[in-house]
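1. Sequence and predicted structure below; questions after.
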Amino acid sequence: QRAIEGGTRFGVGAAHEKPQDHAVMDQDWSITRITRESKDKAWAQLGTSGSGNHFVEFGLLTLTQAEPDLGLEAGEYVALLSPSGSRGTGAAVCSAYSAIARARLPKKYEAFERLAWLDLDSDAGQEYWAAMELMGHYAAANHALIHQHIAANLGAEVLLDLENHHNFAWKERHTIGSEEREVIQTTLRTIQRAT
């Protein structure tokens, strides 16, 4: 418990007393108004867990056979799980671009407003893509710092570090109607590129 409490902070607006050092803060935060205006807040919250469905806890991982791809032998391992995210800045990005997408949604689709999209060829779509990419890097940095601090507090050796932040996007091709299109699938919203 003390290792976790000393390694991260919980709660709305939770921040470290001293800003954490990570290369993600050297990236270009001026890519959108929201990321630019939120950089100081993001820096203060870097390495924190937030509230709601965010938590940090230990568990046991039992491997009944060796996993050579992971570099682990069969056995029991202590695992640390933290669904870290992009904190207040990621929420601001999501809220702002979701509102823009809903405002631009054709009236015939208003029943699907929670699934509103932005065209990737639009300025707003490009901004959202860039902001989401940055928020993905920021979420990964949160995860890395939380785990790094807790492992250091325990004096533990990290055998394997798996990270899959929840603010991420990927390109896919789908048939929509009778037309094949490239879409950007995110955990927050789908952005579609017309082809």
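-> Cool, the structure landed. Numbering: from 1, shown residues only.

2. From the contact counts, what lies against the helix ranked longest in the chain?
-> Ordering each helix of the chain by length in residues (DSSP state H) puts helix 123-154 first. Applying 3 or more C-beta pairs under 8 Å, 6 or more residues apart in numbering; DSSP states H and E, one finds that helix 123-154 contacts helix 2-7, helix 33-45, strand 75-81, helix 87-104, strand 118-119, strand 169-176, strand 190-193. C-beta coordinates here come from the backbone N, C-alpha and C atoms, glycine included.

3. can you do 7 Å?
-> With contacts taken as 3 or more C-beta pairs under 7 Å, 6 or more residues apart in numbering; DSSP states H and E, helix 123-154 sits against helix 2-7, helix 33-45, helix 87-104, strand 118-119, strand 190-193.

4. pLDDT of the second one, averaged?
-> Across helix 33-45, pLDDT averages out at 94.

5. tally of neighbours for Ala152?
-> Neighbour count of Ala152, defined by other C-beta atoms under 10 Å: 13.

6. ok, how many other residues are close to the nearest residue to it once chain neighbours are set aside?
-> In space, and not counting its chain neighbours, Ala152 is closest to Gly7: 7.7 Å by C-beta to C-beta, 6 or more residues apart in numbering. Counted with other C-beta under 10 Å, the neighbours of Gly7 add up to 23.

7. Can you find the helix or strand of this structure with the lowest average pLDDT?
-> Every helix and strand in the chain was compared by mean pLDDT, DSSP states H and E; the lowest is strand 190-193, with a mean of 44.

8. quick revisit: among the helices and strands packed on helix 123-154, which is nearest Trp129?
-> strand 190-193 (6.3 Å; C-beta to C-beta).
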